[in-house]
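# generate a structure from the sequence data that follows.
(2 chains)
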Amino acid sequence: MITETTTNPIKAKKLRGRTTASKQSDTYFRSPKPFVFWYNDYTSIPSVHIIPNFEINFESAGLRIYANETLKSNIFGKIDELSQLNDNWDGENSPAPSKETIELSKQFSNLLICKGIPVSFCYPLRNGGIQLETSDDSHNTEYEIHPDGRIHQLLYDAEYNLIATTTSPISEFEIA
Amino acid sequence: MAYQIEPSDRLLRRIPKKPSHINNGRITSACFKTRDGEDGLSVDIENLVSTLPEIYSSETHRLAAIMAQLPMDEGYDCQHDPVEGNYSHALIVGNTRPIAKKLARACELID
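Numbering: from 1, shown residues only, chains lettered A, B, ... in the order given. Okay, here's the model as predicted:
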């Protein structure tokens, strides 16, 4: 049940400073950009309703923690599935990702999510690496985790032309 | 005698089923990236394929088609490269990583 929501910016402004909460939902008017957060008991998926005419501030309300944990759980599960692959999974002597590559992919996914990049999909590369992608093309970047520990960041323009590539170990990685 | 690939030729690429390489109906670029040391990306020339089971197993893979014009327009040679047991085999010559995403977005699943 959602409490104390409004699409009226004047009313929302009056409500700012209050935080109402129920067992399943919270309305965050303390944030400069009010929103409603609720938790679905059946699917265990947290959801957000942004009150129109305001922007959202995940950091100040702490919602980012919830969103991040869901993203992490999702992508970690998918990366774990890749550990089930056997060598030659795509023919042509394609090696399966190693345990080290699996772990590095999780570590790097965590880093991306904490930076606000919603990594949602992973695919094996035919050299034993793993490619991470966001759920749509809005981010226009792919990340390749290679068996030797290098991470490639591939940045595309709107027409899918590759416009920049960076390579570095995770310890020196800088997100474009 | 080698077949001369024309821009209007369709090139077929195998797409693994497990794990799925398709997200929201779109194929990942990972399917179109060459590995270090490879001469090019393996494809098959549709015109030279007599039956699809010759080039792939429907249990493990799907097939995607791209027009040869796309890699050619990007400056890549497409060469007929028959191998033992597969006369229709061809290569998009060179490192295809720079155009992998374009190929992935332009291709069409045909099975």
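# only C-alpha atoms from now on, for both contacts and neighbour counts.
Will do.
# what's the burial count for B:Lys18?
Per other C-alpha atoms under 10 Å in any protein chain shown, the neighbour tally for B:Lys18 reads 13.
# separation between B:Gly94 and A:Ile145?
22 Å (C-alpha to C-alpha, to the nearest Å).
# those two - which one has more neighbours?
A:Ile145 (26 against 15).
# what bridges to that one?
A:Ile130, A:Ile151 (DSSP bridges).
# quick one, grab the pLDDT at it.
For A:Ile145, the model assigns a pLDDT of 96.
# do A:Thr27 as well
For A:Thr27, pLDDT reads 49.
# can you check A:Asn40 too?
At A:Asn40, pLDDT is 49.
# do the top helix by length along chain A and chain B meet?
The residue-count maximum for a helix in chain A (DSSP state H) belongs to helix A:63-82. Yes: residues of helix A:63-82 are located near chain B by C-alpha under 8 Å from any C-alpha of the partner chain, namely A:Leu82.
# tell me what the next helix or strand after that helix is packed against?
Once the chain leaves helix A:63-82, the next helix or strand it forms, by DSSP states H and E, is helix A:99-114. Applying 3 or more C-alpha pairs under 8 Å, 6 or more residues apart in numbering or on different chains; DSSP states H and E, one finds that helix A:99-114 contacts helix A:63-82, strand A:119-124, strand A:130-134, strand A:141-145.
# least confident of the ones you listed, on average?
helix A:63-82 (a mean of 81).
# mind putting the helices and strands packed on helix A:99-114 into TSV with distance to B:Lys17?
Shown next, in TSV, are those (distance: least, C-alpha to C-alpha, whole Å):
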stretch	distance to B:Lys17
helix A:63-82	13
strand A:119-124	11
strand A:130-134	16
strand A:141-145	20
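# so which of these is nearest B:His61?
strand A:119-124 (14.5 Å; C-alpha to C-alpha).
# could I get the closest one in CSV with only the CA atoms?
Below are the C-alpha coordinates for strand A:119-124, written out as CSV (Å, rounded to 0.1, in the frame of the first residue of the first chain):
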residue,chain,number,x,y,z
VAL,A,119,24.7,-3.6,-16.1
SER,A,120,22.0,-6.1,-16.9
PHE,A,121,23.4,-8.7,-19.3
CYS,A,122,26.5,-10.8,-19.8
TYR,A,123,27.6,-13.0,-22.6
PRO,A,124,30.6,-15.3,-23.0
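# show me what that strand packs onto, helices and strands only.
helix A:63-82, helix A:99-114, strand A:130-134.
# winner for burial among those?
Each of the helices and strands packed on strand A:119-124 was scored by mean neighbour count; the highest is strand A:130-134, a mean of 22, by mean count of other C-alpha atoms under 10 Å in any protein chain shown.
# show me what that strand is packed up against.
Looks like strand A:130-134 contacts helix A:99-114, strand A:119-124, strand A:141-145 (3+ C-alpha pairs under 8 Å, 6+ apart).
# measure how the longest one sits relative to helix A:63-82, angle-wise.
Looking back up the chat, that one is helix A:99-114. Angle, helix A:99-114 to helix A:63-82, by axes from the mean of the first three to the mean of the last three C-alpha atoms, to 10 degrees: 160 degrees.
# quick one: contacts of the helix or strand hosting B:Ala90?
Assigned by DSSP H and E, B:Ala90 belongs to strand B:89-93. Residues from elsewhere that reach strand B:89-93 (C-alpha atoms under 8 Å, 6 or more residues apart in numbering or on different chains): B:39-45, B:71, B:76-83.
# any idea which helix is longest in chain B?
Max-length helix for chain B by DSSP H is helix B:100-106.
# got the buried residues for it?
Buried residues in helix B:100-106, defined by neighbour count with 16 or more other C-alpha atoms under 10 Å in any protein chain shown: B:100-104.
# got it, and stretch A:126-144?
A:126-134, A:139-144.
# repeat for stretch A:153-172
Those would be A:153-156, A:160, A:162, A:167, A:170, for stretch A:153-172 by 16+ other C-alpha under 10 Å.
# would you map the strands across chain B?
Using DSSP state E, the strands of chain B run over residues B:10-16, B:22-23, B:26-27, B:40-45, B:61-67, B:78-80, B:89-93, B:108-109.
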